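Novice: dropping a prediction and its sequence here:
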Amino acid sequence: MGAFGTVLIVVCVLAVIVAALSFRGSGNIYRGLGRTGLLAMDEDDSSAAGRSGPPTATSAEAQEEIRQMLEAKSARRVTRGQAPLDIDAELQSLTAAPQVSHDAGLREEVRQLVEARNERRMRQGKPPLDVDEEVERQLRELGT
């Protein structure tokens, strides 16, 4: 019985050592998750600031998928006995850029936020943003 206890203790100690080494070695793997690829989370906000709207590389695919969904919707309407959709008109209305007028109060509030952000950027030694351009970008992002 004495040899079994000794073997059991030695195996447990070795297992703890192997587990500790594995845990220490896996730290770099977990720190690197989300830092590479299309969905990288460490992307600087300034690189996204110049973009407006959806990427153009997939717009043809997106339009084709929207068209397929509209055709399916039209087919469902026909099977229910309703009039079919005008797919081209629906596609045009869905993909057209929205013409939105912004409330003067909202525009002023966004301007104040941009000016406050510029003050923080200048304190950090970063160049200030163009206020009017940034206000327009923020309003486009809000989509209101």
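Specialist: Happy to help now that I have it.
Novice: give me the neighbour count for residue 77.
Specialist: A total of 13 residues lie near residue 77 under the criterion other C-beta atoms under 10 Å. (Glycine included, C-beta is placed from N, CA and C.)
Novice: surely it and residue 90 touch.
Specialist: No. The criterion here is C-beta atoms under 8 Å, and residue 77 misses it with residue 90 at 11.3 Å.
Novice: pLDDT weak spots in this structure?
Specialist: Across the chain, the ranges flagged by pLDDT under 70 are 1, 34-58, 97-102, 144.
Novice: again, only this time at 90
Specialist: In the predicted model of the chain, residues 1-3, 5, 21-66, 85, 87-107, 110, 128-129, 131-132, 134-144 satisfy pLDDT under 90.
Novice: now the helices for it?
Specialist: For the chain, the helices defined by DSSP state H cover 2-32, 45-49, 59-79, 87-95, 104-123, 131-142.
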